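Trainee: heads up, no residue letters with this:
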């Protein structure tokens, strides 16, 4: 994509949209997050002007300030309305606007910075209160209050540990389906919690771990376990949207960082006897 030097707003916005499209088109995967992939592509394109505005706001402010946090919130709510108009009211990418918006703004603030610094800046922004945000209950906030799950806001305020987990998997060469499973194996996905409670969430996490323990989706055992988990999720109509949103964030950071000088790219932990990064546990948010 040729993001070099001062990354312009449109290029960052395109990278965010392409990450959403890549996540929507991902196969094989466990559970249908969306019924219509074509609609998801259109919805992602509808977010592009909003993402560009977020990057411009970050560059104009120059620091992760209260003023920037509230401007990002204002742009995010307007962007969500644009998405709903494009989809006829279907909330296709809502969770991604918050998470991707914070990371995109951080990339605009700190071009060519290490990914750990970008997630740290996104964390600083997430801890600032948006005083103009409506205080309305949502499925995520309801689940957070009932079960103590961190949700999307908790993930951001913790510095995106599951996004960093996905990045390790992506850079290890295990593929995006396994990167998604690495998130699903530990994330307290509030969408799954809302629909199926703690028992359903534990079943999803255990199913994802079973696939990874079998060697991932590329092995016959892992592929069989993936088929079983997918069938179970579809039967119960469970959609791990939170995990999918964080995978899109990981794809975005991996794509952007891959164009930066090698010295600032993400470096996963190294195995004792080899050069490839190894998957390491990330704490639950």
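Mentor: Looks like it arrived, so ask away. Since the structure is predicted, the reported quantities are computational estimates derived from the model, not experimental observations.
Trainee: Go through stretch 26-42 and flag the buried ones.
Mentor: The neighbour-count check on stretch 26-42 (16 or more other CB atoms under 10 Å) flags 26, 29, 30, 31, 33, 34, 39, 40, 41 as buried. (Each C-beta comes from the backbone N, C-alpha and C, glycine too.)
Trainee: Reformat those as a markdown table; add distance to residue 91, pLDDT and secondary structure.
Mentor: Below are these laid out as a markdown table (distance: CB to CB, whole Å; pLDDT from 0 to 100; DSSP: H, G, I helix; E, B strand; the rest coil):
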| residue | distance to residue 91 | pLDDT | secondary structure |
| --- | --- | --- | --- |
| 26 | 19 | 92 | coil |
| 29 | 20 | 91 | coil |
| 30 | 21 | 88 | coil |
| 31 | 17 | 82 | coil |
| 33 | 12 | 77 | coil |
| 34 | 10 | 71 | coil |
| 39 | 12 | 83 | helix |
| 40 | 11 | 86 | helix |
| 41 | 16 | 88 | helix |
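Trainee: closest to residue 70 among these?
Mentor: residue 40 (28.9 Å; CB to CB).
Trainee: okay, now the closest residue to the closest one other than its chain neighbours: neighbour count?
Mentor: Among residues not flanking residue 40 along the chain, residue 24 sits closest, at 3.9 Å (CB to CB, 6 or more residues apart in numbering). Neighbourhood size, residue 24 [other CB atoms under 10 Å]: 21.
Trainee: same question, residue 97
Mentor: With other CB under 10 Å as criterion, residue 97 counts 24.
Trainee: So which residues of the stretch 1-150 of the chain form helices?
Mentor: Along the stretch 1-150 of the chain, the segments classed as helices by DSSP state H, counting those that start in this stretch run 9-24, 37-46, 48-61, 66-87, 94-109, 115-127, 139-147.
Trainee: Quick check: residue 130 touching residue 69?
Mentor: Yes - the pair residue 130 / residue 69 is scored as a contact, 5.9 Å apart, by CB atoms under 8 Å.
Trainee: These two: which is more packed in?
Mentor: Higher neighbour count among residue 130 and residue 69: residue 69, with 22 against 17, using other CB under 10 Å.
Trainee: so who does the closest residue to the more buried one other than its chain neighbours touch?
Mentor: Closest residue in space to residue 69, ignoring its immediate chain neighbours: residue 128 at 3.9 Å, by CB to CB, 6+ apart. Residue 128 sits next to 64, 65, 66, 69 when contact means CB atoms under 8 Å, 6 or more residues apart in numbering.
Trainee: Need the per-residue pLDDT for residue 128.
Mentor: The confidence metric pLDDT takes the value 94 at residue 128.
Trainee: quick one: buried residues of the strand or helix carrying residue 249?
Mentor: Assessed by DSSP states H and E, residue 249 sits inside helix 241-257. Across helix 241-257, burial judged by 16+ other CB under 10 Å covers 241-257.
Trainee: just for the stretch 151-285 of the chain, where's the confidence low?
Mentor: Within the stretch 151-285 of the chain, the stretches with pLDDT under 70 are 260-285.
Trainee: any idea which residue sits dead centre in the protein?
Mentor: residue 246 (1.8 Å; CA atoms, centre = their mean).
Trainee: need the contact list for that one.
Mentor: Contact analysis of residue 246 by CB under 8 Å, 6+ apart lists 99, 155, 160, 162, 163, 166, 183, 187.
Trainee: could you redo the last one with a cut-off of 6 Å?
Mentor: The contact partners of residue 246, by CB atoms under 6 Å, 6 or more residues apart in numbering, come to 162, 163, 183.
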